[in-house]
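K.L.:
Compute the structure for the input listed below.
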Amino acid sequence: MIRTIIDFRRHYRELQAGDAILGVLALRPGEEIKLLDLAARGVAFFPPVLAQLLSRSKVAQAEVLGEYMVPGSFVAYALADLAGQLCEFEAKGAVVAKRDRAHLGLGVSLWPSLETLYSLAGLQGLTYPLVVQPFLPGARDLRVVVLGDYSEAYERVNPHSFRKNLFQGGSSRPAGLTGELQDFCRQVMARGRFPYAILDLLLDPEDGRPYLSEISFKGGLTGAGLSQAEFLRRVAALEEDFYRQWESSSKTLP
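P.N.:
Numbering: from 1, shown residues only. Now for the predicted structure:
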């Protein structure tokens, strides 16, 4: 059983079926191939490999979980991808662009139209890939925490900016978590194989329909009733449950 990134790197080449890696790995960019290699060798992971890769990349989330995002969301890997969407977005109005692997809202930008973003990209190089999504003015922004049978939500608000996260000047208030929202979160998590997650949702201002903004294994909990220490304790309990099951199954192998 591998529990630390140091042991992961030390024993990477010798790991095989029957071994397991416990916890989210603090991989360096480029090390993701090791996860795929070990999964192909039959090494077990908690959280699963797919979830770990998705949690690291907004682009990966848009590709795999795009069906749960605002309709029209796409990934631009080059200028041609922006050009290819111009006709589709002609009547959609403002768009939001998200730089991959940027955190705290620092890689998020708002554009009056895709044409504006494309025109800028044609004059100077952008940092690709980018996730591009139609802007939903007036959408509510919820952060949902799901840990086993525990779940809660709080709303992030900012009357001065479309950026609602607390780092960018937003504030928080408790929010109800309906059965519909819980079901939506569980569907997203099941698709991405997340055993626990922190999800950012956008609620359509017209009908309240939820859309996934981002999903991760960690994030700020300033507005949550759950403390960071309790969050980590619950995550550790889930990891220990996996460890006990793995240990039990390994003892019964021929």
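K.L.:
got the contact list for the worst-scoring helix or strand of the chain on mean pLDDT?
P.N.:
Least confident helix or strand, the chain: strand 171-175 with a mean of 80, by mean pLDDT, DSSP states H and E. Residues outside strand 171-175 that contact it (Cβ atoms under 8 Å, 6 or more residues apart in numbering) are 142, 143, 153, 154, 155, 156, 157, 158, 166, 222, 223, 225. To be clear about C-beta, it is placed using only N, CA and C from the backbone, and glycine gets the same treatment.
K.L.:
thought the first one was touching residue 204?
P.N.:
No: with contact taken as Cβ atoms under 8 Å, residue 142 and residue 204 are classed as non-touching, separated by 12.0 Å.
K.L.:
so what's in contact with the two at the same time?
P.N.:
Jointly contacting residue 142 and residue 204 under the rule Cβ under 8 Å, 6+ apart are residue 210.
K.L.:
which of those two has more neighbours?
P.N.:
The neighbour comparison of residue 142 against residue 204 (other Cβ atoms under 10 Å) goes to residue 142, with 22 against 14.
K.L.:
Name the nearest residue to the more buried one, ignoring sequence neighbours.
P.N.:
Excluding its sequence neighbours, the residue lying closest to residue 142 (Cβ to Cβ, 6 or more residues apart in numbering) is residue 201, at 4.5 Å.
K.L.:
thought residue 147 was touching residue 232?
P.N.:
No: between residue 147 and residue 232 there is no contact under Cβ under 8 Å: 10.3 Å.
K.L.:
Compare the two (neighbour count), which wins?
P.N.:
Neighbour count, other Cβ under 10 Å: between residue 147 and residue 232, residue 147 has more, with 19 against 11.
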